[in-house]
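S.K.: I would like to see how this sequence folds:
(one chain, ligands or ions: 1)
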Amino acid sequence: MEHIKLDIEKSLGFVTKKEVFKFEEESKKHLISLQKGTGKGNDYVGWVELPSQISEKDLNDLEATANSLKERIEVLVVIGIGGSYLGAKAVNDALANNFDHLSPNENPIVLYAGQNISEDYLFELMQVLKEVEFGICVISKSGTTTEPAIAFRLLKELLEKNVGKEEARERIVAITDESKGALRSLAEQENYKTFVISDNVGGRYSVLTPVGLLPIAVAGHNIKELVKGAQSMQNYSVAAAFDENPALLYAATRNALYAKGKGIEILANYNPKLHNIGEWWKQLYGESEGKENKGIFPASVDLTSDLHSMGQYIQEGQRNIFETVISIAQSNHSVLIPEDKNNLDKLNYLAGKHVDQVNKMAELGTQLAHVDGGVPNLRIELPRLNEFYLGELLYFFELACGVSGYILDVNPFDQPGVEAYKSNMFALLEKPGFEEASKKIKERL
Ligand SMILES: O=P(O)(O)OC[C@H]1O[C@](O)(CO)[C@@H](O)[C@@H]1O
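M.R.: Residues are numbered from 1 along each chain as shown. Model (predicted):
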């Protein structure tokens, strides 16, 4: 069976193999702590065994809910922020036709809300939703996050106005905690279909729970294959030797590079469908590792597009970065560059070649240039862009993140720093309970 592969060869001029392999025993130990739940943040390691625990029945239930929504709606609005929407968006965008919005297929279009507090965004979204049959999948683990709560209040009201309370109830699904939070109470009171996010799975590790799987199923993608891919990577990661174990090797190499002053990691792709894999990955690694004044800063670029904007910096800016390239071995479609008898554009030397051959040479040329410019390169290769290998990729990144966070000696499963902006915002908005903080913050203005 073919798996996704990690190649660290082009980072070895910057760290030695010995410096990477120094983490071999430690990373194996951390893998066991994750599996046994004996490390930091062990209340939140439910995702480690999750792929193998998802049952056929769970998947059938999700598909049945997706199908019943599909019968009623043209558009599904996924309301959520952070881990409550990034995984679904990453997978949906990776698998969708780039131009689905211009030639709709039999599946509903998935839109997103609650991931910002922009009045213009919500106004324009509601204008669109007035004219279409829509449903809502509202997702919040805590059930109390302000951004999605505002969006849900507005869109629920609009939906009830459009189709009446009874029909709206059939079109709303809530995914939240089993018993706690405002969303749970609301869902129970309104009698919505609900799915549970387990207590032991944090938002950014939740893409393989209903949080990711339901919106992915509604968009028409094969969630069984996605889960199968994650299971395959779960099984492989337990058994593979260190030098063939992508998750352990990735965790070790990035920590070896970090120890050499490489404090920024840029995740690069050569296929625009992977843009939101980068966004998902940034939350996963940023929230997991950026704490106690430590952590690699996760950034991302879409290439070759960003070679014409960020390329200059990557090539010649501060030498504190390394790059991890996601490459798809074989494209899903075939386009050949045609011969042109006038050859005014001087492109005939490419005639007969696949566009992807050019893309691959751009990738290789860039990788060599960046290495020459002092940027260590790692390369992750997916045989194809499909549900199975995306499932492998997602689980690979999650597992590597847990191990990497433990090597860094932080709790990769909390995010205490996110509260700071929330408390200030609540104080500024004079939320009940924040009277003291309100007074104090206003003195600073
Ligand atoms: O699902 P919730 O509880 O609304 O949280 C959304 C996001 O907010 C955070 O708690 C903080 O950003 C993330 O960890 C999480 O993914």
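S.K.: which helix or strand contains residue 91?
M.R.: Using DSSP states H and E, residue 91 maps to helix 86-95.
S.K.: which residues sit against that helix?
M.R.: Residues outside helix 86-95 that contact it (CB atoms under 8 Å, 6 or more residues apart in numbering) are 78, 110, 112, 204, 206-208, 211-212, 214-216, 219, 221, 226, 273-277, 279-280, 283, 385-387, 390, 394. Any C-beta I mention is one placed from the backbone N, CA and C, and that applies to glycine too.
S.K.: what's the PyMOL syntax to select whichever of those residues are buried?
M.R.: What follows is the PyMOL syntax for the buried subset of the contacts of helix 86-95, where burial is set by 16 or more other CB atoms under 10 Å:
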select buried, resi 78+110+112+204+206+207+208+211+212+214+215+216+219+221+226+273+274+275+276+277+279+280+283+385+386+387+390+394
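S.K.: ok, and which of the contacts of helix 86-95 reach the ligand?
M.R.: Among the contacts of helix 86-95, the ones lying close to the ligand by the criterion of CB under 6 Å from any ligand atom are residue 204.
S.K.: now the helix holding residue 91: how far from the chain's centre is it?
M.R.: 7 Å (CA atoms, centre = their mean, to the nearest Å).
S.K.: in helices, which of the contacts of helix 86-95 fall?
M.R.: Of the contacts of helix 86-95, the ones assigned to helices by DSSP state H are 211-212, 214-216, 226, 275-277, 279-280, 283, 387, 390, 394.
S.K.: right, and out of those, which lies closest to the ligand?
M.R.: The nearest member of those to the ligand, counting by CB to the nearest ligand atom, is residue 283 at 6.8 Å.
S.K.: contact partners for the closest residue to residue 284 other than its chain neighbours?
M.R.: Counting by CB to CB, 6 or more residues apart in numbering, residue 204 is the residue found nearest to residue 284 once chain neighbours are left out, at 4.9 Å. Residue 204 makes contacts with 82, 83, 86, 283, 284, 287, 288, as judged by CB under 8 Å, 6+ apart.
S.K.: measure the spatially closest residue to residue 329 that is not a sequence neighbour to residue 116 for me?
M.R.: Nearest non-adjacent residue to residue 329, counting by CB to CB, 6+ apart: residue 383, 5.0 Å away. Separation of residue 383 from residue 116 (CB to CB, to the nearest Å) stands at 35 Å.
S.K.: tell me the pLDDT at the residue sitting nearest the centre point of the chain?
M.R.: The centre of the chain sits closest to residue 280, judged by CA atoms, centre = their mean, with a distance of 2.3 Å. Looking at residue 280, its pLDDT reads 98.
S.K.: what's the spacing between the closest residue to the ligand within the stretch 101-250 of the chain and residue 231?
M.R.: Nearest to the ligand in the stretch 101-250 of the chain, going by CB to the nearest ligand atom, is residue 203, at a distance of 2.8 Å. Distance from residue 203 to residue 231, counting by CB to CB: 22 Å.
S.K.: who has more neighbours, the two?
M.R.: residue 203 (27 against 20; other CB atoms under 10 Å).
S.K.: avg pLDDT for the helix holding residue 91?
M.R.: 98.
S.K.: which residues of the protein lie near the ligand?
M.R.: Counting by CB under 6 Å from any ligand atom, the chain sits next to the ligand at 81-84, 140-142, 145, 148, 203-204, 287, 415, 418.
S.K.: with secondary structure as added columns, please give the residues you listed in JSON lines.
M.R.: Output for the residues of the chain next to the ligand, formatted as JSON lines (DSSP: H, G, I helix; E, B strand; the rest coil):
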{"residue": "81", "secondary structure": "coil"}
{"residue": "82", "secondary structure": "helix"}
{"residue": "83", "secondary structure": "helix"}
{"residue": "84", "secondary structure": "helix"}
{"residue": "140", "secondary structure": "strand"}
{"residue": "141", "secondary structure": "coil"}
{"residue": "142", "secondary structure": "coil"}
{"residue": "145", "secondary structure": "coil"}
{"residue": "148", "secondary structure": "helix"}
{"residue": "203", "secondary structure": "helix"}
{"residue": "204", "secondary structure": "helix"}
{"residue": "287", "secondary structure": "helix"}
{"residue": "415", "secondary structure": "coil"}
{"residue": "418", "secondary structure": "helix"}
